[in-house]
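Undergrad: Need coordinates for the below:
(2 chains)
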Amino acid sequence: QQQVKQSPQSLIVQKGGISIINCAYENTAFDYFPWYQQFPGKGPALLIAIRPDVSEKKEGRFTISFNKSAKQFSLHIMDSQPGDSATYFCAASANTGFQKLVFGTGTRLLVSP
Amino acid sequence: EAEVAQSPRYKITEKSQAVAFWCDPISGHATLYWYRQILGQGPELLVQFQDESVVDDSQLPKDRFSAERLKGVDSTLKIQPAELGDSAMYLCASSLDARTSESYEQYFGPGTRLTVT
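TA: Numbers count the residues shown, from 1 in each chain, chains lettered A, B, ... in the order given. Model (predicted):
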């Protein structure tokens, strides 16, 4: 059963534009929501993460928006660059003793020059 | 910058053969994870260690997969016998301590790409 639903599956954005990737979850026990960036042939790299006590977190060009009531969170990449072209995964975990991440299905982002 | 090391990076094996992957987590990280990532999908947790103990292996196909972290540092994941459906990327990750929310961040290694023929 898919616990974290991610959309879109793929995304094409012009250089300088805003990339937006969305995730939705059902488990209200989730309390940690990271985003990972993965380049072909590489392992995922932690990009940014948020906890439910805040509605937004920004690090450079990357922003997570979190809507607890809607059980949704999204990644915004401002001023998208060709170097941002990668697959992005959202994930979530619950504080049940040992953290265990559940990943979304991924979004393949292509930023065109 | 400290990194998670994995070897080999690529492995081609024939069906029914045994294969093993090795992972060395970031120094001082108590929690170690093995994931399987099928092309086009997100990583799926196979097994999670806290120090030398297994705390979650609910998704590990125990009839053919085994994992160990004998001294609570590096770890080995083994498949015997390998099947065609095992072709995937096997990722190792580590975190400082999965029991404390301040230490949740998981750092992934480069992975081992397994092809079973």
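Undergrad: which residues in chain B form strands?
TA: B:5-7, B:10-13, B:19-24, B:31-37, B:44-50, B:53-56, B:65-68, B:75-79, B:88-95, B:107-108, B:112-116 (DSSP state E).
Undergrad: Now do the longest one: everything it contacts.
TA: In other words, strand B:88-95. Defining contact as CB atoms under 8 Å, 6 or more residues apart in numbering or on different chains, one finds that strand B:88-95 is touched by A:43-44, A:99, B:4, B:6, B:21, B:23, B:25-26, B:29-39, B:43, B:75, B:77, B:103-109, B:111-114. From N, CA and C alone the C-beta is placed, and that goes for glycine too.
Undergrad: ok so, going back, the strands of chain B into JSON lines, with extra columns for distance to A:Glu59 and mean neighbour count?
TA: Output for these, formatted as JSON lines (distance: least, CB to CB, whole Å; neighbours: other CB atoms under 10 Å in any protein chain shown):
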{"stretch": "strand B:5-7", "distance to A:Glu59": "26", "mean neighbour count": "17"}
{"stretch": "strand B:10-13", "distance to A:Glu59": "33", "mean neighbour count": "14"}
{"stretch": "strand B:19-24", "distance to A:Glu59": "28", "mean neighbour count": "19"}
{"stretch": "strand B:31-37", "distance to A:Glu59": "24", "mean neighbour count": "24"}
{"stretch": "strand B:44-50", "distance to A:Glu59": "26", "mean neighbour count": "21"}
{"stretch": "strand B:53-56", "distance to A:Glu59": "30", "mean neighbour count": "14"}
{"stretch": "strand B:65-68", "distance to A:Glu59": "34", "mean neighbour count": "17"}
{"stretch": "strand B:75-79", "distance to A:Glu59": "31", "mean neighbour count": "19"}
{"stretch": "strand B:88-95", "distance to A:Glu59": "19", "mean neighbour count": "24"}
{"stretch": "strand B:107-108", "distance to A:Glu59": "17", "mean neighbour count": "22"}
{"stretch": "strand B:112-116", "distance to A:Glu59": "30", "mean neighbour count": "18"}
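Undergrad: Out of those strands, the one nearest A:Thr63 is which?
TA: Each of the strands of chain B has some distance to A:Thr63 by CB to CB; the shortest is strand B:107-108, at 22.1 Å.
Undergrad: quick one: low-confidence parts of chain A?
TA: A:1-2 (pLDDT under 70).
Undergrad: what's near enough to touch A:Leu109?
TA: Per CB under 8 Å, 6+ apart, neighbours of A:Leu109: A:10-13, A:19, A:21, A:77, A:80, A:84-88.
Undergrad: Give me the subset of those lying in strands.
TA: Using DSSP E, the contacts of A:Leu109 in strands are A:10-13, A:19, A:21, A:77, A:86-88.
Undergrad: Spell out which residues sit in contact with residue 68, please.
TA: No chain was given, so I picked chain A. Contacts of A:Lys68 by CB under 8 Å, 6+ apart are A:52, A:55.
Undergrad: That was the other one, I meant chain B.
TA: B:75-76.
Undergrad: I appreciate the help and will end here.
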